[in-house]
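**Student:** Model the structure of this input:
(chains A and B)
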2 protein chains.
Amino acid sequence: MTQDTTLDAVLDRLDRGLDAALDRLCAFLRIPSISTDPAHAGDVRAAAEWLRDELAGLGFDASIRDTAGHPMVVARSQPGGARPLLFYGHYDVQPVDPLSLWDRPPFDPLIDDTPDGKVIRARGASDDKGQLMTFVEAFRAWRDVHGELPSDLILLFEGEEESGSPSLRPFLRDNADELRASLAMICDTELFGGTRPAIVTQLRGLVGEEVVIRGADRDLHSGLFGGLAANPIMVLAQALAALKDADGRVTLPGFYDGVQDLTPDLRRDWESLGFDAGAMLGRVGLSDPIGERGRTPVEMAWNRPTAEINGIAGGYAGEGFKTVLPAEARAKVSFRLTGTQDPAAIRAAFRDHVRGFLPPDCTVEFHEHGGSPASVMDTSDPAFTAARRALGDEWGQDAAFIGSGGSIPIAGDFKSILGMDSMLVGFARDDDRIHSPNEKYDVNSFAKGARSWARIIAALR
Amino acid sequence: MTQDTTLDAVLDRLDRGLDAALDRLCAFLRIPSISTDPAHAGDVRAAAEWLRDELAGLGFDASIRDTAGHPMVVARSQPGGARPLLFYGHYDVQPVDPLSLWDRPPFDPLIDDTPDGKVIRARGASDDKGQLMTFVEAFRAWRDVHGELPSDLILLFEGEEESGSPSLRPFLRDNADELRASLAMICDTELFGGTRPAIVTQLRGLVGEEVVIRGADRDLHSGLFGGLAANPIMVLAQALAALKDADGRVTLPGFYDGVQDLTPDLRRDWESLGFDAGAMLGRVGLSDPIGERGRTPVEMAWNRPTAEINGIAGGYAGEGFKTVLPAEARAKVSFRLTGTQDPAAIRAAFRDHVRGFLPPDCTVEFHEHGGSPASVMDTSDPAFTAARRALGDEWGQDAAFIGSGGSIPIAGDFKSILGMDSMLVGFARDDDRIHSPNEKYDVNSFAKGARSWARIIAALR
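**Tutor:** Reported below is the predicted structural model:
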């Protein structure tokens, strides 16, 4: 068979095997592998064992690898291909509360007909069991047609993604030689606009900081002390308010060091996407993009850094009113980074900024909550061109090279620890309700997702 | 007997009756009249009944007067004096939690010897049952010596002061003719510096506001929306931070309308008091008075208005970190007023100020939490001079005319509803731990407090 002929056979095999593949996915979805809830630790392990058994059955050298938290599942096909490829997904899921908002039990999956096509209803259907299984079904069909798995595949499936991946970095460090590949394929993202295939080629980085400002050693009576004693909430408000200027730019000295303007090519590409900020905001009750003066919405969402206050607390905030002058106030602040912005330098600049607002009677304490630089993939790697073409063949329209305003720390970890770029391709849709009640995954996403991977593997093997 | 001779007899009677008076106070203190806790509603009424019975036993025409909340106790002596005087106190007490921090049961009073003299230990000993009973014991001794009560006394004892006095204003309005006097004596304040008698002649007013700023109709992912969607915490921080300028002055237009500088006399008086802001701040872990540039600490504490943030909340403020871009943020803000500042105008200016910071996608909601103007007593009333002299005779040093940074709404209500000034005289000390575990009242405060009222009544009858 020629390569095209064998690929057609693999795709045909996937189509004919769809019902059986859905049965397997449903079995996987029945395991309530909620990683953040200690009561479900046994279920998380059961999901790892289910995966290990599936992969071993396909001919992978598969094993469960214990960590300080939930285990990793690692599997390898036979060595000897053109270049090793790593495939990453996660088998743990988000909690399901509030259960009362679900239309059916979250771990009793159902294939349901809807006016927009069939969907798989269950917690984890989209995030990330359904997406992870697009890999596995592509490998299975490949093996069925070729008689053997594609060579040089490394599979790494994590069980702690929904609870902050505490074991991932140590595991990558301890097993770097085994896991290092030429490229990591990550299936945990969305189609663009719900229908167009997309490869995320840049992700914003993140600096998380918690700041606590303290004044008196107790809450004071605001009548007796108001006007005399420093008010930590006011100090905090002044420090936070001054983080941005009237043009929406972050004021920290050196903040924009390393931020790169879009290349003309990428600007043209992104402008052609029809990124609809109005529609995106409209879905959450908003209408006007704010942000930096003189920047387009797509640029602000994907290629501009920002500062956000994620939480604030201090004094009395319950029912009614208490005239306290509080002893302390705290806030959680995060910065999204682009280009080569340095998380450590930005953290230091933020701390200096806050200290500059402290009156003599106040102290400040900082807590670090993660830091990772932006990820910008080298799209000149021919694998990107090949994958783009393969996705275009499957979906009938060109794959978009897009950015993401979010931070997918695993991509940064693969780069910093293993020295490899990531290719983020996923088939979720923005109405999949991931992390919310009534999560679903389109059968179309699942079926064409597996076909997409078969095409990409064929292009890269 | 001459007036001086009969006064001496009343004072002597108080001294000899001190132990019996302490027994009566202890019986009163055993009733756990916590007004804010519905479980103690019966105890609050029992305290009212105890008081009514005490007053009726002294010859007052005393009654319990029901309200929508806890009852008032109202009592009158025979009419016919020079001018009617009203005496106000409250018989309810603060909650006692956390009980574990008390050295002994809060409603099992004990007279305890300490290196600084005897103290009465119990919840309410100082605030306000012990102070209220200084009135009652003075009336008792007067009656014992004169054979009858002083004429034209109106007693009004409230059972909701510690829970915001919701029934007080309606009660004053509904019973204005009965309660209107030439002057109200309020016993719920402190000695100055713990030893010097003091009459509070001005109180700051208060405007309480809660502000809620809303953006999207749900919490957003700060990666996907950060830089595009308005952040209600940032909007709130910017509005609050801009309430004060670099000199510590409140920036609201017209805010200082009606604020009066100290008269040279009052400035001299206050400067001679030795108001020790450093010591006051030192007791709560602070050292440097902040506030308006160019104003003295005593002036800032008593005669300058201020703005304070009493509480703030928004987004995720629990353990760890969540990168939400929150749907809403809220704060409680209070203004202390002096002179003739208008609460309604200041509330309106604050609301306009906040609205000026709203981006198009945010809405704001305000909740009113009380408003009262400052109270400035007419100290040219000869009653003030007479009371000052009477207090000086008892305590061996001149009574100070002082201000208070706090707001005692009852004084404003007496003025606005009944048209009468208040004379605030109290004998508490700043180490009495009112509202806290291990409340106490000095026996010296109790004994000399009752003697002080006997002297003041003699001077005013």
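**Student:** Please name the nearest non-neighbouring residue to the residue most central in space within chain A.
**Tutor:** By Cα atoms, centre = their mean, chain A has its centre lying nearest to residue A:408, at 4.0 Å. Of all residues not flanking residue A:408 in the chain, residue A:203 sits nearest, at 5.4 Å (Cβ to Cβ, 6 or more residues apart in numbering or on different chains). For every residue, glycine as well, the C-beta is placed using N, CA and C.
**Student:** Could you pull up the residues touching that neighbour?
**Tutor:** Residue A:203 is in contact with A:374-375, A:403-404, A:406-408, A:411-412, A:424, counting by Cβ atoms under 8 Å, 6 or more residues apart in numbering or on different chains.
**Student:** I'd assumed residue A:185 was in contact with residue A:131.
**Tutor:** No - at 11.1 Å, residue A:131 does not count as touching residue A:185 under the criterion of Cβ atoms under 8 Å.
**Student:** Can you mark which positions in the strand or helix carrying residue A:366 are buried?
**Tutor:** Assigned by DSSP states H and E, residue A:366 falls within strand A:363-372. For strand A:363-372, burial by neighbour count (16 or more other Cβ atoms under 10 Å in any protein chain shown) applies to A:364, A:369-372.
**Student:** State the mean pLDDT of the following helix or strand past it.
**Tutor:** Heading C-terminal from strand A:363-372, the first helix or strand you meet, by DSSP H and E, is strand A:375-376. Regarding strand A:375-376, the rounded mean pLDDT is 92.
**Student:** Do strand A:375-376 and chain B come into contact?
**Tutor:** No - between strand A:375-376 and chain B, judged by Cβ under 8 Å from any Cβ of the partner chain, nothing touches; the nearest distance is 12.6 Å.
**Student:** One more: stretch A:214-232?
**Tutor:** Yes - using Cβ under 8 Å from any Cβ, stretch A:214-232 reaches chain B at A:215-218, A:220-231.
**Student:** Only the buried residues of that stretch, if you could.
**Tutor:** A:214-216, A:219-220, A:222-232.
**Student:** Report the two of the residues you listed separated the most.
**Tutor:** Spatial extent of these (Cβ to Cβ) is set by the pair A:214 and A:223 at 21.3 Å.
**Student:** Mind jotting down where the strands sit in the stretch 51-200 of chain A?
**Tutor:** Here the stretch 51-200 of chain A has its strands, by DSSP state E, counting those that start in this stretch, at A:61-65, A:72-76, A:85-90, A:110-114, A:117-121, A:153-158, A:183-186, A:198-203.
**Student:** Which of those sits closest to residue B:298?
**Tutor:** Closest of the strands of the stretch 51-200 of chain A to residue B:298 is strand A:198-203, at 57.7 Å (criterion: Cβ to Cβ).
**Student:** avg pLDDT for the closest one?
**Tutor:** Averaging pLDDT along strand A:198-203 yields 96.
**Student:** what helices or strands is whatever helix or strand comes next after that strand leaning on?
**Tutor:** Scanning forward in sequence from strand A:198-203 by DSSP H and E, the next helix or strand is strand A:205-214. Helices and strands touching strand A:205-214, by 3 or more Cβ pairs under 8 Å, 6 or more residues apart in numbering or on different chains; DSSP states H and E, are helix A:232-241, strand A:328-337, helix A:343-355, strand A:363-372.
**Student:** which helices and strands does the third one pack with?
**Tutor:** Spelled out, that is helix A:343-355. Under the contact criterion of 3+ Cβ pairs under 8 Å, 6+ apart, helix A:343-355 touches strand A:205-214, strand A:328-337, strand A:363-372.
**Student:** Same list (these) but as TSV, adding distance to residue A:120.
**Tutor:** As requested, those are exported to TSV (distance: least, Cβ to Cβ, whole Å):
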stretch	distance to residue A:120
strand A:205-214	31
strand A:328-337	32
strand A:363-372	32
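**Student:** With mean pLDDT added, can I get the helices and strands packed on strand A:205-214 in JSON lines?
**Tutor:** Shown next, in JSON lines, are the helices and strands packed on strand A:205-214 (pLDDT from 0 to 100):
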{"stretch": "helix A:232-241", "mean pLDDT": "98"}
{"stretch": "strand A:328-337", "mean pLDDT": "96"}
{"stretch": "helix A:343-355", "mean pLDDT": "98"}
{"stretch": "strand A:363-372", "mean pLDDT": "93"}
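**Student:** Dump these to TSV, plus distance to residue B:142.
**Tutor:** Converted to TSV, the helices and strands packed on strand A:205-214 look like this (distance: least, Cβ to Cβ, whole Å):
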stretch	distance to residue B:142
helix A:232-241	50
strand A:328-337	50
helix A:343-355	62
strand A:363-372	55
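**Student:** residues contacting the most far-flung residue of chain A relative to its centre?
**Tutor:** Distance from the C-alpha centroid of chain A, by Cα atoms, centre = their mean, peaks at residue A:224 (49.8 Å). Residues near residue A:224 by Cβ under 8 Å, 6+ apart: B:301, B:404-406.
**Student:** Please repeat the previous calculation with a cut-off of 10 Å.
**Tutor:** Neighbouring residues of residue A:224 by Cβ atoms under 10 Å, 6 or more residues apart in numbering or on different chains: A:323, A:325, B:204, B:280, B:284, B:301-302, B:404-406, B:430.
**Student:** returning to that earlier point: for residue A:196, find the nearest of the helices and strands packed on strand A:205-214.
**Tutor:** Closest to residue A:196 of the helices and strands packed on strand A:205-214 is strand A:328-337 (Cβ to Cβ; 24.1 Å).
**Student:** Which residue, neighbours along the chain excluded, lies closest to residue A:219?
**Tutor:** residue A:324 (4.4 Å).
**Student:** for the helices and strands packed on helix A:343-355, which one sits closest to residue B:418?
**Tutor:** Closest to residue B:418 of these is strand A:328-337 (Cβ to Cβ; 40.6 Å).
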